[in-house]
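> One predicted model, sequence on top.
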Amino acid sequence: MDHVERISLAKSVSDKFFENHGKDVILSGIYGSTARGEDVEWSDLDMLFIVNNDNKIEEKSFLYKGTVVGLRILKMEDLETVLTTPTVDWPFWMGTLQILKIIRGDREMVKGLIKKGLSVPSENFRALLEKILPSLVFESYGRILSCKARSDASILNVSIIEMILEMNKALCLLNRRWVTHDYHSGIVDTLEF
């Protein structure tokens, strides 16, 4: 499936979703490689639906012509909480909102959500980091040192990657910034702050 077909599929899925759940849906959009225009034949299709707080719509994934389609369902209240109460998920959702390509809904609402996320005082991020750094970065670093002490390199590569990804989250929170890419490109983005 190419980019044009993936966008067409996203619009069809969004139309069907609104048809089935219209009164409960606030916004639909795509994120990830498809939103950035970097998708290739094997890319998945990441879709986000922001919904009213009192619904029971569940997330789902399915396969369509060899393409994995993931439907993330997020209640508005939960999204606002994630954006205004920093957790390790804050950078993910801020980055997702920044690159979100709206299929149906109001782009200005998304800009308002990003503004809400940016309004959180830096002290809140520092308090979170004080609480989570021991388990976030130091544990994986300790695993690397344990590999060295045991002369066992069997999990060293995985431990190094885990530590780098955890450092990515910690740097995003420390700098109140986020990345708009996954994997290697996301790490490069982080190093640019």
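Received, thanks.
> how near is L173 to K116?
17 Å (C-beta to C-beta, to the nearest Å). Just so you know, the C-beta spots here come from the backbone N, C-alpha and C atoms, and that holds for glycine as well.
> The two - which one has more neighbours?
Between L173 and K116, counted using other C-beta atoms under 10 Å, the more crowded position is L173 (23 against 14).
> can you give me phi and psi for the more buried one?
Backbone torsions for L173, taken as degrees, to the nearest 10, come to phi -70, psi -40.
> If you count neighbours, what's buried in the least confident helix or strand in the chain by mean pLDDT?
Ranked by mean pLDDT, DSSP states H and E, the weakest helix or strand in the chain is helix 183-191, scoring a mean of 79. For helix 183-191, burial by neighbour count (16 or more other C-beta atoms under 10 Å) applies to 186-187, 189-190.
> Then stretch 17-33?
For stretch 17-33, a neighbour-count test (16+ other C-beta under 10 Å) marks 17-18, 21, 24-33 as buried.
> Inside helices: which ones of the residues you listed?
Per DSSP state H, helices hold the following members of those: 17-18, 21, 33.
> re earlier: give me the contacts around the least confident helix or strand of the chain.
Residues outside helix 183-191 that contact it (C-beta atoms under 8 Å, 6 or more residues apart in numbering) are 164-165, 167-168, 171-172, 177, 179-181.
> just stretch 82-101 next, same as before
29-32, 34-36, 48, 79, 110, 113-114, 116-117, 119-120, 124-125, 128, 132, 136, 169, 172-173, 177-180.
> What ranges in the chain fall below the confidence cut-off?
For the chain, not a single residue meets the criterion pLDDT under 70.
> can you map out the helices along it?
Shown for the chain, the helices assigned by DSSP H span residues 3-21, 33-36, 76-84, 90-99, 107-118, 122-133, 139-150, 156-175, 183-191.
> Could you say which one of the ones you listed comes nearest to V69?
Among the helices of the chain, the nearest to V69 by C-beta to C-beta is helix 3-21 (6.5 Å).
> List the buried residues in the closest one.
Within helix 3-21, the residues scored as buried using 16+ other C-beta under 10 Å are 6-7, 9-10, 13-14, 17-18, 21.
> All set now, cheers.
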